[in-house]
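# coordinates only, sequence not included:
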């Protein structure tokens, strides 16, 4: 699976959005694969929930949604520019109070550099789903503009 992921990363260089989402059931090995890639490339995957959560905690509640994208970009820009950005634990981005589009936010990061992210939901047909439809944080996106590697 690691070889397939590396091949995908090599193939997306000319695309407008250089985003690869690792998608699979819970405990299917998405994070393990991301860590294996990180070890091979000598890159530490970014725990978005931890890093962004730490910064948002110092941000007034009414400004968190506006600040989330900016803070995530700052965190991402600290990483080495030529290397892929490896993102895990994206669940915080789906928090309703932030009122942001998590997939769009990650796609925007992938315009300037390759991003490999663990999708915390599932793929149903050509739709990326986060949480059950009855859940308040439920999201449903088209996979257009995203390269998906199913685990």
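On my side now, so go ahead. All figures in this text were calculated on a predicted structure; none of them were measured in a lab.

# In space, not sequence, find me the middle residue of the protein.
Centroid-nearest residue in the chain, with Cα atoms, centre = their mean: residue 117, separated by 3.7 Å.

# what sits against the nearest residue to it once chain neighbours are set aside?
When the adjacent residues along the chain are set aside, residue 117 lies closest to residue 87, with 4.0 Å between them (Cβ to Cβ, 6 or more residues apart in numbering). Just so you know, the C-beta spots here come from the backbone N, C-alpha and C atoms, and that holds for glycine as well. Residues near residue 87 by Cβ atoms under 8 Å, 6 or more residues apart in numbering: 45, 46, 48, 106, 115, 116, 117, 118.

# isn't the first one right up against residue 34?
Looking back up the chat, that one is residue 45. Yes. Residue 45 lies in contact with residue 34 (Cβ atoms under 8 Å); the separation is 5.1 Å.

# Low-confidence ranges, this structure, go.
80 (pLDDT under 70).

# Strands of that one, residue ranges please.
Using DSSP state E, the strands of the chain run over residues 19-23, 46-47, 85-88, 115-118, 122-124, 127-130, 139-142, 147-150.

# For the nearest residue to residue 59 once chain neighbours are set aside, grab the count of nearby residues.
Spatial nearest neighbour of residue 59, chain neighbours left out: residue 67 (4.9 Å); criterion: Cβ to Cβ, 6+ apart. Using other Cβ atoms under 10 Å, residue 67 has 18 other residues around it.
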